[in-house]
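1. Quick check, what structure comes out for this input:
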Amino acid sequence: MPSNTPHRLFINGDWLASKAGRYSEVHSPSSGALLGRVTEATAADVDLAIDAAEQAFEQWRLTTALARANLLLKLNQLIERDRSTLAHTISSEMGKPLKEAQAELDYCIDLIRFAAENARRIEGDIIPGSRSGEQILIQRLPHGVVAGIAAWNFPAALLGRKLGPALAAGNTVVLKPHELTPLSGLAIAALVKEAGFPPGVVNIVTGGIEVGQRLVANPKVKLVTMTGSTAAGKKIMAAAADTLKEVRLELGGKAPFIVMEDADLDDAADAAVRSRFGNAGQICTSNERTLVHAAVYDQFVEKLLARIKRLKVGDPLAADTDMGPKVSAAELDKVDRMVQKARQQGARVLLGGERLQGEAYDQGHFYAPTVLDGVTTDMEIAHQEVFGPVLSLIKVADFEEALRLANDSVYGLSAYIFTNNLQYLMRLGTDLDFGEIYVNREGGEAAQGFHHGYGDSGLGGEDGKYGLDAYSRHKTVYLNAGRTRI
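-> You can find the predicted model right below:
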């Protein structure tokens, strides 16, 4: 049974209780069981964490890149040591199957490792000046205090995605896990302390909207990096304008999944299932619109349905579970409303289309793996992000129609295409308007890549050298030796 004592805030290297004494409860989305109680930070608590980060920054920015990297690698060793326990925590509070939670931790480790390995590769430039004997130095320096706000769908990886590069670049951080999944972040905070990071370099505060609002509003925060919904991202961007701080937003998506007439249909069907039903469809890069060429439509659907019917939905802590519950009752209701609205608008349910019921499901937020046929572009479900285990099928006549329908979206994060046609592939860079495109494979970005989107999918990006660049700012120094006056 969980302790009645709420988990405390991690501020300045110590565990602190809030003077307000407020806390929230964390429940399993699978069984409804109480997992723990977590302190809800007040604005004053958040300011205390930011002050600690600001004070720690004065020394941390002078710490060598190698020393910062070694601490990050030590943190990775501890995450690897506790991988089993951490995976259990992720599965319990978020609902993803254990095997997916373990894969998430592997990705978290990879993200932190990349940042650590590249801490000594943050480069500037030396270029000729406009005067005799002058050189221009363009340096890359840390921002200062970075606020990281994470979503609930990858509670460990998203913290690692922000913590790793921010610290590698010499910043200090205040991190906010999502209020639905705070236990993973607090477990990582304990490992930060064990790894020996100086007090104040990493701070983790828990709570809801008030915490995020104060992180954005506090003028001592110089960069906000947030992963979450597009609606929340727009509010953060507007609020950040008051203090003119930099903002990086990783938001929603409505990924098209294009299957052309020459595709390997077995590979495409396998990838479509993994992309749509992994993490119960709660991934911003998930296959949200499946655009299938008319010549192979029936064959593809047959293969697709056969694979989906084999998925085992249930307890995420069971070793053989393929798909767990939605993260909350509100998310479950949203998905069901969208499916029922699609039915009213003319879509046909080929599979699922309802909440799962029965002894194994009644206490959780389970939705049946669902396939909708006959989806058209005038339906709500063709444009709004579902973020759930619902695959919408759209038949297309040719490549031109596939491109047109794929680009008919306010989102521009990820897209998929299955084809070996060289002419199609050569047009992807110019004609498919998405930040990342997966060709003949399922999704899953690499730590050395660049995860970014267009339009309502966000600003800036994460991962790789381009993501690391965002955690530093430029300073230009005109270095004149003073030998000549011109």
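2. From the rest of the structure, what touches the helix or strand harbouring residue 274?
-> Assessed by DSSP states H and E, residue 274 sits inside helix 265-277. Residues outside helix 265-277 that contact it (C-beta atoms under 8 Å, 6 or more residues apart in numbering): 255, 257, 259, 283, 285-287, 290, 296, 299-300, 303-304, 307-308, 311, 322-323, 369, 389-391, 416, 418, 440-443. The way it works is simple: take the backbone N, C-alpha and C, and place the C-beta from them, glycine included.
3. so where do the helices sit in the stretch 201-350 of the chain?
-> 209-217, 230-240, 265-277, 297-309, 329-344 (DSSP state H, counting those that start in this stretch).
4. Redo these as TSV? Include mean neighbour count, distance to residue 23 and mean pLDDT.
-> Listed next are the helices of the stretch 201-350 of the chain as TSV, based on neighbours: other C-beta atoms under 10 Å; distance: least, C-beta to C-beta, whole Å; pLDDT from 0 to 100:
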stretch	mean neighbour count	distance to residue 23	mean pLDDT
helix 209-217	20	13	97
helix 230-240	17	23	95
helix 265-277	21	34	98
helix 297-309	17	40	98
helix 329-344	17	20	98
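5. got any ranges where this structure has weak pLDDT?
-> 1-3, 483-486 (pLDDT under 70).
6. Domain map for it?
-> 9-251+457-475, 255-446 (automatic domain parsing).
7. could I get those domains as JSON lines with distance to residue 482?
-> Shown next, in JSON lines, are the domains of the chain (distance: least, C-beta to C-beta, whole Å):
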{"stretch": "domain 9-251+457-475", "distance to residue 482": "8"}
{"stretch": "domain 255-446", "distance to residue 482": "47"}
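8. Can you say which of those is nearest to residue 481?
-> domain 9-251+457-475 (4.6 Å; C-beta to C-beta).
9. how long is the closest one from one end to the other?
-> Terminal residues of domain 9-251+457-475 are spaced 35 Å apart (C-alpha to C-alpha, to the nearest Å).
10. Counting by contacts, list what the longest helix anywhere in the chain packs against.
-> Longest helix in the chain, counting residues (DSSP state H): helix 98-117. Here helix 98-117 touches helix 65-81, helix 83-94, helix 157-168, going by 3 or more C-beta pairs under 8 Å, 6 or more residues apart in numbering; DSSP states H and E.
11. just those: most buried one?
-> For the helices and strands packed on helix 98-117, ranked by mean neighbour count under the definition mean count of other C-beta atoms under 10 Å, the leader is helix 157-168 at a mean of 28.
12. and the closest residue to residue 256 other than its chain neighbours, how many neighbours?
-> For residue 256, ignoring the flanking residues on the chain, the nearest one in space by C-beta to C-beta, 6 or more residues apart in numbering is residue 406 at 3.7 Å. Residues within reach of residue 406, counting by other C-beta atoms under 10 Å, total 24.
13. could you redo the helices and strands packed on helix 98-117 as CSV and give each row distance to residue 133?
-> Listed next are the helices and strands packed on helix 98-117 as CSV, based on distance: least, C-beta to C-beta, whole Å:
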stretch, distance to residue 133
helix 65-81, 30
helix 83-94, 56
helix 157-168, 35
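14. out of the ones you listed, which comes closest to residue 26?
-> Residue 26 lies closest to helix 83-94 among the helices and strands packed on helix 98-117, at 5.6 Å (C-beta to C-beta).
15. Now stretch 456-470: buried residues?
-> Using 16 or more other C-beta atoms under 10 Å as the test for burial, stretch 456-470 gives 456-464, 467-470.
16. and what of stretch 7-19?
-> Neighbour counts over stretch 7-19 (16+ other C-beta under 10 Å) mark 7, 8, 9, 10, 11, 12, 13, 16, 18 as buried.
17. What of stretch 383-390?
-> 384, 385, 386, 387, 388, 389, 390.
18. What of stretch 354-365?
-> Buried, per 16+ other C-beta under 10 Å, within stretch 354-365: 355, 356, 361, 364, 365.
19. Same question for stretch 120-135.
-> In stretch 120-135, counting by 16+ other C-beta under 10 Å, buried: 122, 134.
20. Check the offset of it from the chain's centre.
-> 36 Å (C-alpha atoms, centre = their mean, to the nearest Å).
21. which outside residues touch it?
-> Under C-beta under 8 Å, 6+ apart, the answer for stretch 120-135 is 65-66, 69, 136-140, 168-169, 465, 468, 472, 474, 478-484, 486.
22. and whichever strand or helix holds the residue nearest to residue 256, what does it pack onto?
-> Residue 406 belongs to helix 399-407 when elements are defined using DSSP H and E. On a contact count with 3+ C-beta pairs under 8 Å, 6+ apart, helix 399-407 meets strand 255-259, strand 287-293, strand 390-396.
23. show me the contacts for the nearest residue to residue 439 once chain neighbours are set aside.
-> Among residues not flanking residue 439 along the chain, residue 417 sits closest, at 5.7 Å (C-beta to C-beta, 6+ apart). By C-beta under 8 Å, 6+ apart, the residues touching residue 417 are 258, 260, 424, 425, 428, 432, 437, 438, 439, 440.
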